[in-house]
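Visitor: next input, structure requested:
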Amino acid sequence: MSILFKIAWRNIVRNRRRSLMTASAVAAGALAMLLFLGYTTYIFLGMETGNVQRLGHLRVLRAGYFLYGAGNPAAYGIDGYHEAMKLIGGDVVLRPLINVMTPTQSLMGIAANYSGDNAASRTFLGEGLVPSDRDRMRRWDQYRTGLVFPADPRISDADESRGLIGTGLARILNLCVPLKLTGCPPQLTSARAGKPAGRVNADIAELAQRDASEQRTAKTAEIDLLAATVGGAPNVVSLSVAGAQPQPAKELDDAFVLMHLALAQQLVYGRAEHKVTAIVLQLRHSSDMPAARARLVALFRERHLDLEVRDFGELMPFYGQVIRLFSSIFLFIALVMGMIVLFAVVNTMTMNVMERTNEIGASRALGVRRSQIRAQFLIEGALIGALGTLVGAVLAIVIAAAVNRSGVTWLPPGNSSAIPLHLDVLGRPLTAFGVCVGLVLVATVAALLPARRAARLSVVDALRHV
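Guide: This is a model prediction of the structure:
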């Protein structure tokens, strides 16, 4: 076998130009596939990191909330959620897996601003949470993507009245000046500016004036939030807007409100028992998610609790859609590059067989078997594929390192602000190894047809070939 490798290597060196062009085609295929693999890997890991930081790995919900709770979150609150959290946190299986466990309350209603000359209101989608738990969750970075957020000083556990809103909602409610936001065009004024538009706005203004605990000042950005309690009665609270936070989708940006859990519970439940719509579990490692979910389901079944478990992929279908999209694109690129490598190697090996017909005949006359002739050309194709793949892999690593240090930024799916572009070529080593092995196999298979043709040549005809 070592003799066959020596002969194959000498034949590759003898036809330097042809071998170089073929190996270059293989290298280009490896380079393109590995760079795109690094690009998609960073997208996948970045999206998973962002979703886990915001939504957690798993969410414990009341049964039915996932399908029907969006229409009335208050009706699907978890009774005795403190006991449920103690049950989860005290479990010997779940305790070492959990990084953060925190309750959240989803709600909807109408947000209004009646300070200044122009009154404005808009329906909102809100979430109440524990600010310190949010800060801990935003520091999760298992894959070392660098997408880690410092503690947000604008909201804290100590001040239940402060919250954040989307930049679009801030613009709609005329809070650009108090929040010092840029990019807000001047609003068209009308004769009705400054007057409540309709009975709903009048009710909000009346409730806000009745329940306000302190007078507003010009330096405070404050809005009124109106929602229906669990009993169906209207309720209103005042929210001190500590800042605006851009959201990835305009629909969400125009309606987003983030507040303290206690304020959200006060708005939704009033004097009734305070509940939550979800218990968020952020794990230390994503690989523990199936085991943690299975344990939660078994635990709730044992205690006969009316609870269900959903992961972040179910809560955010866009995540799975992006993965399937880029996986399909990667498969298409792999097929195209595989076809290019296949035809390039077939053409080169066919030319080699035609030029060395006399040599093949002489070898066969000296007693070389057909299988050895076939193996010789197959090894040539494999060596060309291996050399090209090695060069392509090295170039991919070098180019990725250059891009990662260049400071180039881009806007990934699901993000509202640009982040540095990163190509994680070695982020999925098994897939990268599979790409390299696959290209070598394609080059070897491409040499099979010319090799079989060379092995089937008649000794007499091969020796008489001119």
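Visitor: show me how far stretch 393-411 is from its chain's centre.
Guide: 20 Å (Cα atoms, centre = their mean, to the nearest Å).
Visitor: ugh, wrong one, I meant stretch 312-321
Guide: On Cα atoms, centre = their mean, the centre of stretch 312-321 falls 9 Å from the chain's centre.
Visitor: skipping adjacent residues, who's closest to residue 60 in space?
Guide: residue 279 (4.1 Å; Cβ to Cβ, 6 or more residues apart in numbering). C-beta here means a position set from N, CA and C on the backbone, and glycine is covered the same way.
Visitor: you'd agree the one you found is in a helix?
Guide: No. Counting by DSSP: H, G, I helix; E, B strand; the rest coil, residue 279 is not part of a helix but strand.
Visitor: need phi/psi at the residue nearest to residue 77 when sequence neighbours are not counted.
Guide: Using Cβ to Cβ, 6+ apart and skipping the chain neighbours, the partner closest in space to residue 77 is residue 275 (2.9 Å). Main-chain torsions, residue 275, degrees, to the nearest 10: phi -120, psi -180.
Visitor: check the gap between residue 275 and residue 256 for me.
Guide: 22 Å (Cβ to Cβ, to the nearest Å).
Visitor: more crowded one of the two?
Guide: residue 256 (24 against 21; other Cβ atoms under 10 Å).
Visitor: for this protein, where's the lowest mean pLDDT among helices and strands?
Guide: helix 199-211 (a mean of 54; mean pLDDT, DSSP states H and E).
Visitor: next secondary structure after that helix?
Guide: Note on helix 199-211: by DSSP states H and E, the next helix or strand toward the C-terminus is strand 222-228.
Visitor: CA-only coordinates of that next one in CSV, if you can.
Guide: Below are the C-alpha coordinates for strand 222-228, written out as CSV (Å, rounded to 0.1, in the frame of the first residue of the first chain):
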residue,chain,number,x,y,z
GLU,A,222,-44.7,58.8,34.0
ILE,A,223,-47.5,56.9,32.3
ASP,A,224,-50.7,55.4,33.4
LEU,A,225,-51.4,51.7,32.8
LEU,A,226,-55.0,50.4,32.7
ALA,A,227,-55.9,46.7,32.8
ALA,A,228,-58.7,44.5,33.8
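Visitor: compute the inter-axis angle for the following helix or strand past that strand and strand 222-228.
Guide: Moving toward the C-terminus from strand 222-228, the next helix or strand (DSSP H and E) is strand 234-244. Computed by axes from the mean of the first three to the mean of the last three Cα atoms, to 10 degrees, the angle separating strand 234-244 from strand 222-228 equals 140 degrees.
Visitor: next secondary structure element downstream of strand 234-244?
Guide: By DSSP H and E, the next helix or strand past strand 234-244 is helix 250-253.
Visitor: and the following helix or strand past that next one, what does it pack against?
Guide: Next in sequence after helix 250-253, counting helices and strands by DSSP H and E, comes strand 256-260. Helices and strands touching strand 256-260, by 3 or more Cβ pairs under 8 Å, 6 or more residues apart in numbering; DSSP states H and E, are strand 120-129, strand 162-165, helix 167-172.
Visitor: re earlier: for the residue nearest to residue 60, list the residues it contacts.
Guide: Residue 279 sits next to 59-60, 78, 81, 84-85, 88, 101-104 when contact means Cβ atoms under 8 Å, 6 or more residues apart in numbering.
Visitor: let's have the helices and strands packed on strand 256-260 in a markdown table, adding mean neighbour count, distance to residue 300 and mean pLDDT.
Guide: Listed next are the helices and strands packed on strand 256-260 as a markdown table, based on neighbours: other Cβ atoms under 10 Å; distance: least, Cβ to Cβ, whole Å; pLDDT from 0 to 100:
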| stretch | mean neighbour count | distance to residue 300 | mean pLDDT |
| --- | --- | --- | --- |
| strand 120-129 | 21 | 23 | 92 |
| strand 162-165 | 24 | 32 | 94 |
| helix 167-172 | 23 | 36 | 92 |
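Visitor: CSV for these, including distance to residue 397?
Guide: Listed next are those as CSV, based on distance: least, Cβ to Cβ, whole Å:
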stretch, distance to residue 397
strand 120-129, 41
strand 162-165, 41
helix 167-172, 39
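Visitor: just checking, next helix/strand downstream of the helix or strand harbouring residue 22?
Guide: If you go by DSSP H and E, residue 22 is part of helix 16-55. As assigned by DSSP H and E, the chain's next helix or strand after helix 16-55 is strand 58-62.
Visitor: so what touches that following strand?
Guide: Residues outside strand 58-62 that contact it (Cβ under 8 Å, 6+ apart) are 69, 76-78, 84, 88, 277-281, 283, 289, 292-293, 296, 306-312, 315.
Visitor: how about a cut-off of 6 Å?
Guide: 76, 78, 278-281, 293, 307-311 (Cβ atoms under 6 Å, 6 or more residues apart in numbering).
Visitor: how close does residue 306 get to residue 281?
Guide: 18 Å.
Visitor: just want to know which of those two has more residues nearby.
Guide: residue 281 (26 against 10).
Visitor: apart from its chain neighbours, what residue comes closest to that one?
Guide: residue 58 (4.4 Å).
Visitor: how about residue 133: what's its closest non-neighbour residue?
Guide: Going by Cβ to Cβ, 6+ apart, residue 133 has residue 102 as its nearest residue, at 3.6 Å.
Visitor: contact partners for the one you found?
Guide: Contacts of residue 102 by Cβ under 6 Å, 6+ apart are 130, 133, 280.
Visitor: can you lay out these as TSV showing distance to residue 449, neighbour count and pLDDT?
Guide: Listed next are the contacts of residue 102 as TSV, based on distance: Cβ to Cβ, whole Å; neighbours: other Cβ atoms under 10 Å; pLDDT from 0 to 100:
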residue	distance to residue 449	neighbour count	pLDDT
130	66	19	96
133	63	19	96
280	58	23	97
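Visitor: dump those to CSV, plus distance to residue 325.
Guide: Output for those, formatted as CSV (distance: Cβ to Cβ, whole Å):
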residue, distance to residue 325
130, 35
133, 33
280, 27
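Visitor: separation between the residue nearest to residue 172 when sequence neighbours are not counted and residue 171?
Guide: Of all residues not flanking residue 172 in the chain, residue 122 sits nearest, at 5.1 Å (Cβ to Cβ, 6+ apart). Separation of residue 122 from residue 171 (Cβ to Cβ): 10 Å.
Visitor: and if you look at residue 128?
Guide: Distance from residue 128 to residue 171, by Cβ to Cβ: 23 Å.
Visitor: what does residue 234 give?
Guide: Relative to residue 171, and taking Cβ to Cβ, residue 234 is found at 26 Å.
Visitor: regarding the nearest residue to residue 44 once chain neighbours are set aside, what is its secondary structure?
Guide: Sequence neighbours aside, residue 323 is the residue nearest to residue 44 in space, at 6.0 Å (criterion: Cβ to Cβ, 6+ apart). The local conformation at residue 323, judged by three-state DSSP, is helix.
Visitor: same check on residue 112?
Guide: Residue 112 ends up strand, using three-state DSSP.
Visitor: all set now, cheers.
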